[in-house]
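J.: Would you be able to build a 3D model of this:
(one chain, ligands or ions: 1)
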Amino acid sequence: MAFDLVFFGGTGDLVWRKLMPALLQAFRHGTLPEGGRIIGVGRDALSDAQYRQSIQAKFERVEGDKRPNPEEFARFAELLCYVRMDLSRPADYAALQARLAERETDTVVMYLSTAPTLFTTICEQLAAAGLNTPKTRIVLEKPLGHDLASNRAINAVVGRVFREQQVFRIDHYLGKPAVQNLFALRFGNTLFEPLWRREHIANIQITIAEELGVEKRGGFYEGTGALRDMVQNHALQLLCAIAMEPPINAHADAIRDEKLKVLRALRRWTPETLGQHVVRGQYSTGTVDGQAVPGYRDEGGVNPGSSTETFVALRTEIDNWRWAGVPFYIRTGKRMAAREAHIEVNFRPTPHQIFHAPLGQANKLVIHLQPKDGLELHLFATGQSKRGPGGAGQTLAPVHLDLDFDKRFGSERVGAYERLLLDVLDGRLNLFVRSDEQEEAWRWVEPILQHWSADPAGPRPYHAGTWGPSASSAMIARDGLCWSEEC
Ligand code: BG6
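T.: Presented below is the predicted three-dimensional model:
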């Protein structure tokens, strides 16, 4: 299959940090379709050869095993070329069109890895230049807007230029192997489905903790914050994968219909819940991995009096038959104590105790996303008791079944961007977000943003290298619960 993959923002960070390494991996794995061309688009005046050199130089900064040797890069580089464009100039789209017209292709992918403020201009200009043909697909990186209105405005323009089937809205969390396995666990096995409901599950906790701070993205992050950067998209997509009903088949719209229903059933905010069930925090100086690190307000590009949140913890519920009354907790933050993303499904305790079980503990399933990728099922068992087998008063000890997917699948594993890029080339929309899902997610987070903008208290400080402000522990403690590292 001959394809042209055009990266708008072709000299930007995402392209060299994530997209080129992902394509190189696919190239190594032999899964990148033959006959492809990767066209970087940027403002700099570069020849194809100079673009190849700049990408090769950037690979030096990529993790060791994702770095090509010179011979391997030389083969990969044959796919790369470059078009200089000022994205606001119609004439420059004609130059792109000329480059694309050089050869016959089956698919042209326009990957918008630019600031989202340029999305509508690019789409309109692509249409004006006749580059929105039926074989064109468009990929939109997050964030898609900064609130519901701006998101709708982008989707409206995109929708005038492309059919929904041509639009691939990326949420790279959906490409993570652990998320594929969550779908496999739920919809490829029977074991958990009867238990996957309010009668058996007491609560669910989603944690996405990062050790990194805002790095060199202070300017971007300052206008974004953790709620828009992580909750509106990644965390809510994980919540949907956990809570959705089984789709009728594995087609994109069947899956997306079910996710949409979850988003629609999320409990609406009230002034009371906004005050009690949402905590925002901002990291101050601290220590991460033994290194002293600056506070958020001292990072480059950040306002010294900033009230941007780098941490959010919240509690919600899903108002439907399956989940009524089950609290869902979401927590995410930068500069936390560890890089750790997992979902904890906490089951209800036994209805009647005949053993001595560890106080306050019950069965739980932990779905690890990163750094580990696997499942842990926590059960109770007993060794030989002094009082004789099976006797009343026997004491139970926690044990767990540990399934390590990295060990099991090893080198077959495909990274999130590699998986998603191959899906775009293949035209598979299953792991991409539909516009109505995205709008519903914005509709749900928007009252939080409005509440914060009217609340002079600002985010609560927490030291870098910790699990966030104490108010986050207090919030979950009010339900008689604790976060996994505290219990
Ligand atoms: C991105 C956010 O979408 O996800 C970043 O913009 C964040 O701020 C990143 O660091 C986290 O992704 P991952 O895959 O490293 O967990």
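
J.: In terms of helix, strand or coil, where does the closest residue to residue 269 other than its chain neighbours fall?
T.: With Cβ to Cβ, 6 or more residues apart in numbering as the criterion, residue 269 has its nearest non-adjacent residue at 4.3 Å, and that residue is residue 447. (Glycine included, C-beta is placed from N, CA and C.) Of the three states, residue 447 takes helix under DSSP: H, G, I helix; E, B strand; the rest coil.

J.: Just checking, which helix or strand of the protein averages the lowest pLDDT?
T.: Taking all helices and strands of the chain together, the one with the lowest average confidence (mean pLDDT, DSSP states H and E) is helix 405-409, at a mean of 85.

J.: Keeping just the C-alphas, turn that one into PDB.
T.: C-alpha atoms of helix 405-409 as PDB (Å, rounded to 0.1, in the frame of the first residue of the first chain):
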ATOM      1  CA  PHE A 405       2.500  -8.900  30.100                       C
ATOM      2  CA  ASP A 406       6.000  -7.600  29.300                       C
ATOM      3  CA  LYS A 407       7.400 -11.000  30.200                       C
ATOM      4  CA  ARG A 408       4.800 -12.900  28.400                       C
ATOM      5  CA  PHE A 409       4.700 -11.000  25.200                       C
END
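
J.: Centre of the chain to it, how far?
T.: Helix 405-409 has its average C-alpha position 21 Å from the chain's average C-alpha position, going by Cα atoms, centre = their mean, to the nearest Å.

J.: is it true that residue 346 lies in a strand?
T.: Yes - under three-state DSSP, residue 346 falls within a strand.

J.: hmm, back to that, didn't the residue nearest to residue 269 look like it was pressed against residue 275?
T.: No - Residue 447 is beyond contact range of residue 275, at 11.8 Å (criterion: Cβ atoms under 8 Å).

J.: Of these two, which one has the most company?
T.: residue 447 (16 against 11; other Cβ atoms under 10 Å).

J.: just to revisit the earlier point, how near is the residue nearest to residue 269 to residue 44?
T.: Here residue 447 is placed at a distance of 42 Å from residue 44 (Cβ to Cβ, to the nearest Å).

J.: Residue 469 now?
T.: Summarising the geometry, the distance separating residue 469 from residue 44, computed by Cβ to Cβ, is 43 Å.

J.: Which one's more surrounded, the two?
T.: A side-by-side neighbour count of residue 469 and residue 44, using other Cβ under 10 Å, places residue 469 first with 22 against 12.

J.: Just read off the phi/psi values of that one.
T.: Dihedral pair for residue 469: phi -70, psi 150, per degrees, to the nearest 10.

J.: Contacts only, for it.
T.: By Cβ atoms under 8 Å, 6 or more residues apart in numbering, the residues touching residue 469 are 279, 281, 311, 459, 460, 461, 462.

J.: Read off the pLDDT value for it.
T.: What the model reports as pLDDT for residue 469 is 98.

J.: Buried residues, stretch 327-345. List them.
T.: Applying a neighbour-count criterion of 16 or more other Cβ atoms under 10 Å, the buried positions in stretch 327-345 are 327-337, 340-345.

J.: first vs last residue of it, how far apart are they?
T.: End-to-end span of stretch 327-345 (Cα to Cα, to the nearest Å): 11 Å.

J.: Likewise for stretch 360-369?
T.: As for stretch 360-369, its first-to-last residue distance stands at 26 Å under the measure Cα to Cα.

J.: Now do the buried residues in that stretch.
T.: Neighbour counts over stretch 360-369 (16+ other Cβ under 10 Å) mark 363, 364, 365, 366, 367, 368, 369 as buried.

J.: One more: stretch 267-281?
T.: Within stretch 267-281, the residues that count as buried by 16+ other Cβ under 10 Å are 267, 269, 273, 274, 277, 278, 279, 280, 281.

J.: got it, and stretch 429-446?
T.: Using 16+ other Cβ under 10 Å as the test for burial, stretch 429-446 gives 429-446.

J.: for stretch 103-117, same thing?
T.: 105, 107, 108, 109, 110, 111, 112, 113, 114, 116.

J.: now, which of those lie within strands?
T.: The strands, defined by DSSP state E, take in 107, 108, 109, 110, 111, 112 from those.

J.: Who is the fourth one paired with across the strands?
T.: Listed beta-bridge partners, residue 110: residue 6, residue 138 (assigned using DSSP bridges).
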